[in-house]
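[1] below are the sequence and a predicted model; questions follow.
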Amino acid sequence: MSAAQTPIRIGTRASVLATTQSGLVGEMIAARLGRAVELVEISTEGDRTQAAGTPLAAAASTGVFVNALRDALLDGRVDVAVHSLKDLPTYPAEGIALVAVPGREDPRDAVVARDGLTLGELPVGSRVGTGSPRRAAQLLALGLGIEVVGVRGNVDTRIAKVRAGEYDAVVLARAGLARIGRLDEVTEVLDPLQVLPAPGQGALAVECRADDELAAVLREALDDPRARAAVDAERAVLATLEGGCSAPIGALAEVVEGDDGDELWVRAVALSPDGALSVRMSATGDPADAAGVGDRLAKEMLADGAADLTRPSNDTLDPELDKRHNA
């Protein structure tokens, strides 16, 4: 069988969301390259940790869902790996190339609440579940009088906790709900002016071996330049802020048409974990210098006090909240 006839093996986590996302990339490859594809399920440390009921913060940090897929790439078990881009560490992995960022889904966060309620309609004291310190801090900053509590499990598990009355609401990425056909569960989509998403949220990352001739082919076929510029800026914000503070971080960038061509807009926030303090800034620049725009914005935030946003000693947040910044 020639190389052109050999199926491209796509490594994926086994969850419904992961296999759906990998399947979408597989469909793009099949349609644009005329190549057969094969999904190969890989068990990750994050999946095993969640299955064991252990809070992710106690077991690992950024990359917990990524490393096993990268190992499968490097040892030749798969040719391509597909990730939720927000799960990727911001530092490079030797021998691995991020070859494509396909068109991005809506990056906003979404609420799934009992009785069709919005956050503002929930009674004071309502229990709102999230596994993300970023979401928790921004929810607390809204001053709605809700109780933010940790939650684990996949999308179905978290929504089931609302249906069972264990939580009044949970906050999830809208993109994941859209991809698995669960948007009918959403009772509110959160405005980024209130809650900025995680850097890279809503985007997919397509990786392969850096020395594989498939890298250039996939970049040409799958990469969306506007989505790439946006996530490059957001990840630069995250990388620079992570180097100078341990605060929850949100960021959102988009490329818009201006009078003189495309322009990149970036917004970012770093918060104390209780949401009481925050540094929020925005910047514009050239999409061709997306990482530079994000880096400069983050440095301005650090200079304006983001470096001092640390966890209060009298920690009031649920200990099960995942400590990863980009959850």
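    Good, I have the coordinates.
[2] and the residue nearest the centre of the chain, helix, strand or coil?
    Ranked by distance to the mean C-alpha position of the chain (C-alpha atoms, centre = their mean), the top residue is K86 at 2.7 Å. For K86, the secondary structure call by DSSP: H, G, I helix; E, B strand; the rest coil comes out as helix.
[3] tell me where this protein has helices.
    16-33, 45-51, 56-59, 67-74, 133-141, 155-163, 174-179, 214-222, 225-242, 290-303 (DSSP state H).
[4] out of those, which is closest to G200?
    Taking C-beta to C-beta, helix 225-242 is the member of those nearest to G200, at 4.9 Å. From N, CA and C alone the C-beta is placed, and that goes for glycine too.
[5] hey, C-alpha coordinates of the closest one in CSV?
    These are the backbone C-alpha positions of helix 225-242, laid out as CSV (Å, rounded to 0.1, in the frame of the first residue of the first chain):
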residue,chain,number,x,y,z
PRO,A,225,-4.9,32.1,9.7
ARG,A,226,-7.3,34.2,11.7
ALA,A,227,-7.9,31.5,14.3
ARG,A,228,-4.1,30.9,14.5
ALA,A,229,-3.4,34.6,15.1
ALA,A,230,-6.0,34.8,17.8
VAL,A,231,-4.8,31.8,19.8
ASP,A,232,-1.2,32.8,19.3
ALA,A,233,-1.9,36.1,21.0
GLU,A,234,-3.9,34.5,23.8
ARG,A,235,-1.3,31.8,24.5
ALA,A,236,1.4,34.5,24.5
VAL,A,237,-0.6,36.4,27.2
LEU,A,238,-0.8,33.1,29.2
ALA,A,239,2.8,32.2,28.8
THR,A,240,4.1,35.6,30.0
LEU,A,241,1.6,35.9,32.8
GLU,A,242,2.4,32.4,34.0
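[6] give me the buried positions along it.
    By neighbour count, and taking 16 or more other C-beta atoms under 10 Å as the criterion, the buried residues in helix 225-242 are 226-242.
[7] what do you get for stretch 287-295?
    Within stretch 287-295, the residues that qualify as buried are 287, 289-291, 293-295, counting by 16+ other C-beta under 10 Å.
[8] and if you look at stretch 23-38?
    By neighbour count, and taking 16+ other C-beta under 10 Å as the criterion, the buried residues in stretch 23-38 are 23, 25-26, 28-29, 33, 35, 37.
[9] now, among those, which is nearest to K161?
    Each of these was checked against K161 using C-beta to C-beta; the closest is G23, at 26.8 Å.
[10] what's the spacing between that closest one and V16?
    In this structure, G23 and V16 are 10 Å apart, going by C-beta to C-beta, to the nearest Å.
[11] hang on, the earlier thing: got the helices of the chain as a markdown table, with mean pLDDT and distance to E207 columns?
    As requested, the helices of the chain are arranged in a markdown table below (pLDDT from 0 to 100; distance: least, C-beta to C-beta, whole Å):
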| stretch | mean pLDDT | distance to E207 |
| --- | --- | --- |
| helix 16-33 | 96 | 11 |
| helix 45-51 | 51 | 16 |
| helix 56-59 | 40 | 21 |
| helix 67-74 | 95 | 7 |
| helix 133-141 | 96 | 24 |
| helix 155-163 | 95 | 23 |
| helix 174-179 | 96 | 19 |
| helix 214-222 | 97 | 9 |
| helix 225-242 | 96 | 13 |
| helix 290-303 | 97 | 18 |
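[12] a markdown table for those, including distance to V186?
    Rendered in a markdown table, the data for the helices of the chain read as follows (distance: least, C-beta to C-beta, whole Å):
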| stretch | distance to V186 |
| --- | --- |
| helix 16-33 | 15 |
| helix 45-51 | 23 |
| helix 56-59 | 24 |
| helix 67-74 | 29 |
| helix 133-141 | 15 |
| helix 155-163 | 10 |
| helix 174-179 | 6 |
| helix 214-222 | 28 |
| helix 225-242 | 22 |
| helix 290-303 | 29 |
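[13] before we move on, the earlier item: what is the nearest of the buried residues of stretch 23-38 to V162?
    Nearest member of these to V162, counting by C-beta to C-beta, is G23, at 26.9 Å.
[14] okay but that closest one is in contact with A30, surely?
    No - the pair G23 and A30 does not pass the contact test of C-beta atoms under 8 Å, sitting 10.2 Å apart.
[15] number of nearby residues for V266?
    The number of residues packed around V266, counting by other C-beta atoms under 10 Å, is 24.
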